[in-house]
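[1] requesting a structural model of the entry that follows:
(one chain, ligands or ions: 2)
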Amino acid sequence: MKSLKIPMLVLAASLSFAATTASAQSHKVIYDADVGVDDAMGLILLARHPEIDLLGVTTMFGNGTIDNTTRNTLYLQDVLGFTAPVARGAAKPAYSSAPEPARIHGANALGETEIPAIQSEADPRPAAQMIVDLVRENPGEVTLLMVGRSTNVALALAIEPKLPEMVKQVIIMGGTFGYNYGGKRENANLFSIAEANIGGDARAADEVINAGWPVAILPLDVTLQTIMSKEYLDALPGTDGQFIREITHRTYVNDQGATPVHDSSAIFYLLDPGAYTMTEAKVRVVPDGIAAGQTMMGKPTSSNSTYEPYPSVQVATSVDAARVLDIYSETIANAAE
Ligand code: BDR
Ligand code: CA
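    Ligands and ions are numbered 1, 2, ... in the order given. Have a look, this model is predicted:
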């Protein structure tokens, strides 16, 4: 028995060591966002999660004007105290005219929350330049979390065409493919066929998705399955919980007080990819016309000229919503302790 006991203790010790080292893993990320209520919720998760090393935050038009979204991001920096630089990005799409900002985020794009005078200051660099600089400083290590239009990253690719060789992975919240909706896209939220982030600069999105780097896409098909109920929101503890209720309750919840979790889904995928079912596919974005912004999916082996020269990417088709929602609530609870 004795000779059995020692190896078991050793095994237990080594397992707990493995667990400790795995949970101490840190992900270097750049958050490219149009802050926005759900973008702000994602930023709270990034600022509070122990495995995240936030290198920079880049802003863009989208949920509001570039002035609104940049001010909101700097306000979040005041509130959360993160030290990563914030750089102001694109004021309009690279290739088309900007659609109206989504009204659901309120006139100030932060759910009509009263915003006091801002203490934090933006980095002097334009967002695209800061993305290039941070990636060059951390070659092979950076995850780009894209939760707004693709404009900043398309501009970064124009500055540094070798960016895809230097970035670890790109995680995009965007698009809609008709999974979970009987193959239909009635869940599109920009035009009849397009999701806001992709449709808001469709050609830029097509460029970024197909730039030849590891891409994972979290479309509406999974983010609309990930719902924070009123009870869930009410139970989020501490000042973060209070802040989240403050920014969501006026414009960003439905009649039942619930809200879908779009932008944090990109972070959930980074932290726990196993919570998602992914399919490998080629993805193109319709650049203009009546289907502008539609995300199209082809087989990885497709020889059709629409898809054939393009790389395969990963697209989420379903999610264990309870599992990823636990990541959020546990992170907020741990930070509140
Ligand atoms: C996306 O659009 C924006 O309104 C949200 O912030 C999210 O990034 C969802 O379609
Ligand atoms: Ca967003």
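[2] CA only for contacts and neighbour counts going forward, please
    Will do.
[3] neighbours of Ala335, how many?
    Residues near Ala335, counting by other C-alpha atoms under 10 Å, number 17.
[4] which strands and helices sit next to the helix or strand hosting it?
    Using DSSP states H and E, Ala335 sits in helix 321-336. Helix 321-336 sits against helix 37-48, helix 238-248, helix 264-271, with contacts defined as 3 or more C-alpha pairs under 8 Å, 6 or more residues apart in numbering; DSSP states H and E.
[5] give the buried residues for that helix.
    Neighbour counts using 16 or more other C-alpha atoms under 10 Å place Ala321, Val324, Leu325, Ile327, Tyr328, Ser329, Thr331, Ile332, Ala333, Ala335 of helix 321-336 among the buried residues.
[6] so the last one is in contact with Ala47, correct?
    It stands for Ala335. No - in terms of C-alpha atoms under 8 Å, Ala335 does not count as a neighbour of Ala47; the distance is 9.7 Å.
[7] what about the strands in the stretch 1-150 of the chain?
    For the stretch 1-150 of the chain, the strands defined by DSSP state E, counting those that start in this stretch occupy 27-33, 52-59, 86-87, 142-146.
[8] distance to ligand 2 added to those strands, as a markdown table?
    Shown next, in a markdown table, are the strands of the stretch 1-150 of the chain (distance: least, C-alpha to the ion, whole Å):
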| stretch | distance to ligand 2 |
| --- | --- |
| strand 27-33 | 5 |
| strand 52-59 | 10 |
| strand 86-87 | 16 |
| strand 142-146 | 8 |
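[9] Ala235: which of the ones you listed is closest?
    strand 52-59 (23.6 Å; C-alpha to C-alpha).
[10] ok, and what's touching that closest one?
    26-35, 46-47, 66, 69-70, 73, 84-90, 127, 130-131, 134, 152 (C-alpha atoms under 8 Å, 6 or more residues apart in numbering).
[11] can you flag the buried ones in these?
    Using 16+ other C-alpha under 10 Å as the burial test, the contacts of strand 52-59 include 27-35, 46-47, 66, 69-70, 73, 85-90, 127, 130-131, 134, 152 as buried.
[12] what's the burial count for the closest residue to ligand 2 within the stretch 151-300 of the chain?
    Distance from ligand 2 to each residue of the stretch 151-300 of the chain (C-alpha to the ion) is smallest for Asp263, at 5.8 Å. If you count neighbours by other C-alpha under 10 Å, Asp263 ends up with 27.
[13] got a list of what it touches?
    Asp263 neighbours (C-alpha under 8 Å, 6+ apart): Asp38, Asp39, Met41, Gly42, Val147, Met173.
[14] enumerate every residue touching the first one.
    What that stands for is Asp38. When contacts are counted by C-alpha under 8 Å, 6+ apart, Asp38 is found next to Val261, His262, Asp263, Ser264.
[15] for it, give its distance to Ser26.
    23 Å (C-alpha to C-alpha, to the nearest Å).
[16] around ligand 1, pick out the residues from the stretch 201-337 of the chain.
    His262, Asp263 (C-alpha under 6 Å from any ligand atom).
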